[in-house]
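> Kindly generate the corresponding structure for this input.
(2 chains)
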Amino acid sequence: MDDQKAYAIVGHSMLRPDAREKVRGRAVYVADFRLPGMLFARVLWSDRPHARILHIDTRQALDLPGVYTVVTADDAPNTRYGVYLKDQLIFARGKVRHIGEPVAAVAAESEAIAEKAIEKIVVQYEELPAIFEPIEAMKPGAPLIHPDLESYEATYPKIVKGNVCLYTRLSMGDTEKGFEDADYVFEDTFKTQPMYQGYLEPRGAVASFDFNDKLTVWTSNQQILVCQAELATALEMPMTQVRVIGTAIGGAFGGKLKTSVEPIAALLAKKSGRPVRLVLTREEDFIASRARAPYILRLKTGVKANGKITAKSVELIADCGGYSDHVVGTMGLAVSFSQGPYKIPNAEAKGYCVYTNNPNYSCMRAYGVHQMCFATESQMDIIASKIGMDPAEFRRRNLAEDGDVLVTTQPLRSVTVDQTMAQVLKACHWEEKRKASKQRGVKNFYGIGMANTILNMGLLSSAAIVKINEDGTASVLTGAVDLGTGNHTALAQIAAEELGMKPNDVNIAAVDSDSSPYDLGQIASRTIFDCGNAIKLAANDARRQLFATADEVLGAEGRELRASEGNVYVRDEPDKKISIRDLMGYRLYFKGGPIIGRAGWLGKPGFDHLVGEGYPQPPSVTFVFGTHVAEVEVDVGTGQVKVERITAAHDVGRAINPLGVAAQIEGGVVQGMGYALYEEMQIHEGVVQNPDFLNYRMPTILDAPEIVPIILEIPEEYGPFGAKGIGEPTNMGPPPAIANAIYNAVGVRVKELPITPERLLHALDDKKTREA
Amino acid sequence: MQFEYFRPQSMNEALRFLADHKKEAMILAGGTDVINGLRTGKQAAKYLVDIGHLADMKGIHPADDGLFIGALAKVRDIERSPLLVDGWRVIAQAAGTLASAQIRNLATIGGNICNASPSADMAPALLVLDSMAEIAGIEERHRVPLDQFFKGPGKTILAPGQILIGFHVGRQLPNTAGYYIKRGVRRAMDCAIVGVAALASTSDGHLSKVRIALGAVAPTPFRAYKAEQFILEQGDLDQTTISKAARIASEACRPIDDVRSRAWYRRRMVEVETNRALGWVAKELKWGEG
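Numbers count the residues shown, from 1 in each chain, chains lettered A, B, ... in the order given. Predicted structure coming up:
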């Protein structure tokens, strides 16, 4: 690996060029978007958790002046679609399966008229027995939410039964024997809550058909090319007739995947013959959300007295709500990483995804591994405490190394958790602080706790095209949108480094499915890793073509060429140089025509023998590690937890833009803290009780702890300039680290998130009763 | 939401309009509650009467008997007022806990009280200062003790056509300390799940006045008279007395389960926070130190 100093652009902090304009309100989001003759849409959502639709009467709505059209399932193809399991339709057909399922939609001259029209649609329902607990829904005889489940197409080896739409089982070694060999066996059950992504911009899309019946959709989606493909499927149109363009995005966090509002806007546009804009209100965005699915996690771990883990088995149950969406995928990753970053020779993992009549749950930052990490890292501390070992020492004795095998049977590589752990513990003075007195004053207690994280890195395909312009600048065509993470800045840095240009001379083009090459999307922390690789390769291809021409012009005769700051020169004779701009003039007008670099990228895991039943995920390309330490103060009078400091070390392989990496860590830590302590979509009988930012409490800046980011750069062989992604791992650490710090402070263990003052006080009371 | 908007030029014009339209008219001051109510459909009005600019209801003014706080005084101005010191400081301190700085810039103290939310942050602080609410109608003006002002969640004694003009806050004894504790989930932009204001005065080394007011634990903010009485009878602010008084206060509340908190937790927090608020007051008064 090259030394970091060798890079002119990569590894140097850059301010995001879009930041200033966003702060000034000049970025154009979907809600700012207008087309001539555009209509406004509102949606009628199911207000029943489970009911047969007997009749939908839209006549009164259509009679309202200003209403152009109403659409229902009758206007949509009867084609089921979905990422893993094709169980979804644009509008409820025959029955509704959750509150917040689209039943009908209206396009009108104004939102106010559309809203009135929605109120005039009469739906006759016949209530069906509803079920809200996944464990109940798994029992024989439970009402069936998808009676046709058996017939649905799936992208994974489908093992289904009743309301269980995914069953998977992985195993490795001999768990039974592993438990026999153990001196202690620990069994703990953990529960996590539905979490709303809480992006500032609610979902929205504008759809328009042109004179050739070609559909164009502008959307703040995080998977523009996947959105295009799914729209084509759902609308039964060829992909040539569906064009999707990415707008500015006000955050996504896994909540703006595949399609949601886009097909509705498209159907309205088609029927009305006018462009249609659909932007959800905040309440709708909650009720029809794709929130992080709640999990029940049962863990059984066997340990020797010397602290060596001999076996672990887990059983995970995820609540899908009405449709499987991404929950099936989250389960795949959750079971894969059920051992955590630890060497566990005998392991078994079972996962169930279960339909209920709760809202349509899905995924969020760090997919199912987030829920799994809370359970694993909490139990690590439970065990350490029982066997009388420091939690850091207990983890150290079990840390995985390269070559250790996951329960998927895939061997680990690029394991750096030993280093993230060592760095954090040193930086936060772990040893002294664990020994220090806990009590501060009468009611307040200090505690410190840690958690390690492991996550997959690299997921499926990306591609890029690099066009060198006449003025010596470059335009990069990619399917990658900037979610607000600043990834376009880092991607420009990658291209500029490879091309020998200034970063401001590289433009990452707006994403347009008509011209942007394939990309899976800005998910799975993959943008820098996968898109970055594709862009680096495409830029390299462009540079190769530039150099071939430069060799001619400069008479270099095959001597090594270099490029920097927009000039190409002979390495040993730097005075022999030509600007890329002049080179392009030569190319375009005398020789060879335009330069277009191109590349496709698919990370190869070098491993394809996943063993197991019903497993829905591809193998990982490589892995990414981190360690968080949380320091808290617990008020035993009120049960309130104040997070004072989180020290977070992440190995990012190479920080392309260190400023951006630090920002990801800071944002992720606060989001993880929200999940740990505050945030919960409270659902009662399928109804979201707190669909607003007053009662769904995300942390404010006043609640944010001091955050100490530690960026480790241990180059990854497969990463562009050695980089790995950082988006998701940053919000995995805080929940278990905080739970462990609370235990360290006051000796109580809360196994259910969020750790509200009520829950903590209950636990403290229980402890008092037990001790009395 | 649809309504007609009126912006009267004077108090009299406002009162006349309200007298003419009674229940059809709704008063708009800072708008931070009313606009949300209209937007979500929880409230409706045919006429919206914007009084936000009326000068006679603005500001904080020294008066012969103490202080007059106009109903249109901005919560942010109250928070930073140089007049609200010593015994009156609790009002400024409570103001600083309300919502966020942006909302405090718009919100008025009168609006916070007239909205009559059980969790209104300004209420407990005004209650412990025995504030009088001044109410104007087209033909008369009168004063009412604030603890008679609230009738239930969102309900006050204001009759259609009446306007809350402001609050009269009496002069406090030199040795007075008051404190407001807001228990929310977050540190800002939150509604209190319990609000406790406590205030005490001493003269010649004796407790001469004790006030405790509670928010968010009953249909209205209210004074915990029994707990106050208990302390006065003991004539002491030592820990034992405070603990017992806090227990009495928690027994006086009628909290509910809702999306923000559970009744049992609210009741328990009344005890914890009353204890702490009184403890703070005792310390501030240097009680038992000499």
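
> Could you report the pLDDT at the residue nearest to A:Pro517 when sequence neighbours are not counted?
Nearest residue to A:Pro517, sequence neighbours excluded (C-beta to C-beta, 6 or more residues apart in numbering or on different chains): A:Ala463, at 3.6 Å. Backbone N, C-alpha and C define where each C-beta goes, glycine included. Here the pLDDT value assigned to A:Ala463 is 98.

> just B:Phe167 next, same as before
98.

> Likewise for B:Gly288?
87.

> quick check, it in a strand?
No: the assignment for B:Gly288, made by DSSP: H, G, I helix; E, B strand; the rest coil, is coil rather than a strand.

> Verify the contact between it and B:Asp238 for me.
Yes: the criterion here is C-beta atoms under 8 Å, and B:Gly288 meets it with B:Asp238 at 6.0 Å.

> circling back to that earlier point, what is the three-state secondary structure of the residue nearest to A:Pro517?
A:Ala463 ends up strand, using three-state DSSP.

> what touches both of B:Gly288 and B:Asp238?
Taking C-beta atoms under 8 Å, 6 or more residues apart in numbering or on different chains as the criterion, B:Gly288 and B:Asp238 both touch B:Ala282.

> one step back: for the residue nearest to A:Pro517, grab the count of nearby residues.
Counted by other C-beta atoms under 10 Å in any protein chain shown, the residues lying close to A:Ala463 total 23.

> Which strand residues bridge it?
A:Ala463 has these beta-bridge partners by DSSP bridges: A:Gly600.

> List the contacts of it.
Taking C-beta under 8 Å, 6+ apart, we find A:Ala463 in contact with A:Thr478, A:Gly479, A:Pro517, A:Tyr518, A:Asp519, A:Ala534, A:Ala538, A:Arg598, A:Ala599, A:Gly600, A:Trp601.

> what about it, distance to A:Leu225?
Applying C-beta to C-beta, to the nearest Å, the value for A:Ala463 to A:Leu225 is 9 Å.

> Now the common contact residues for those two.
Counting by C-beta under 8 Å, 6+ apart, the shared contacts of A:Ala463 and A:Leu225 are A:Gly479, A:Tyr518, A:Asp519.

> restrict those to contacts with chain B.
Among the shared contacts of A:Ala463 and A:Leu225, none lies close to chain B by the criterion of C-beta under 8 Å from any C-beta of the partner chain.

> Any of those residues buried? List them.
The neighbour count (16 or more other C-beta atoms under 10 Å in any protein chain shown) marks A:Gly479, A:Tyr518, A:Asp519 as buried among the shared contacts of A:Ala463 and A:Leu225.

> a markdown table please, covering these and showing pLDDT and secondary structure.
Converted to a markdown table, those look like this (pLDDT from 0 to 100; DSSP: H, G, I helix; E, B strand; the rest coil):
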| residue | pLDDT | secondary structure |
| --- | --- | --- |
| A:Gly479 | 97 | coil |
| A:Tyr518 | 96 | coil |
| A:Asp519 | 97 | strand |
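
> where does B:Ala246 land in three-state SS?
B:Ala246 ends up helix, using three-state DSSP.

> Give the burial count for it, as a bare number.
For B:Ala246, the neighbour count with other C-beta under 10 Å is 25.

> One more: A:Lys386?
A:Lys386 - counted by other C-beta under 10 Å - has 11 other residues nearby.

> Mind pulling the model confidence for it?
Reading off the model, A:Lys386 has pLDDT 97.

> Skipping its backbone neighbours, what lies nearest it in space?
Closest to A:Lys386 by C-beta to C-beta, 6+ apart is A:Tyr184, at 6.7 Å.

> Equivalent analysis for A:Gly597, please.
A:Gly597 sits nearest to A:Ala542 (C-beta to C-beta, 6+ apart), 2.8 Å away.

> now the strand or helix carrying that neighbour, how far from the chain's geometric center?
Using DSSP states H and E, A:Ala542 sits within helix A:532-554. Mean-position distance between helix A:532-554 and its chain equals 33 Å (C-alpha atoms, centre = their mean, to the nearest Å).

> Provide the count of other residues in contact range of residue 147.
Just going to use chain A. 10.

> Sorry, I should have been clearer: chain B.
There are 18 residues near B:Asp147, going by other C-beta under 10 Å.

> do the same with the one 4 residues further on
Counted by other C-beta under 10 Å, the residues lying close to B:Lys151 total 13.

> Quickly find the element holding it.
strand B:150-152.

> and stretch A:61-74, does that touch chain B?
No: shown here: stretch A:61-74 not in contact with chain B (C-beta under 8 Å from any C-beta), separated by at least 14.7 Å.

> quick revisit: what subset of the contacts of A:Ala463 is buried?
Judged by 16+ other C-beta under 10 Å, buried ones among the contacts of A:Ala463: A:Thr478, A:Gly479, A:Pro517, A:Tyr518, A:Asp519, A:Ala534, A:Ala538, A:Arg598, A:Ala599, A:Trp601.

> need the residues you listed in TSV with distance to B:Asp56, can you?
Listed next are these as TSV, based on distance: C-beta to C-beta, whole Å:
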residue	distance to B:Asp56
A:Thr478	63
A:Gly479	63
A:Pro517	68
A:Tyr518	68
A:Asp519	64
A:Ala534	68
A:Ala538	70
A:Arg598	73
A:Ala599	73
A:Trp601	71
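
> ok, of the residues you listed, which one's closest to A:Leu764?
A:Asp519 (49.3 Å; C-beta to C-beta).

> How about the contacts made by the closest one?
Taking C-beta under 8 Å, 6+ apart, one finds A:Ile224, A:Leu225, A:Ser461, A:Ser462, A:Ala463, A:Thr478, A:Gly479, A:Ala480, A:Asp530, A:Cys531, A:Ala534 in contact with A:Asp519.

> A:Ala539 and A:Gln493 touch, don't they?
No: counting by C-beta under 8 Å, A:Ala539 stays clear of A:Gln493, with 11.0 Å between them.

> same question for stretch B:50-65, mean pLDDT?
When pLDDT is averaged along stretch B:50-65, the result is 95.
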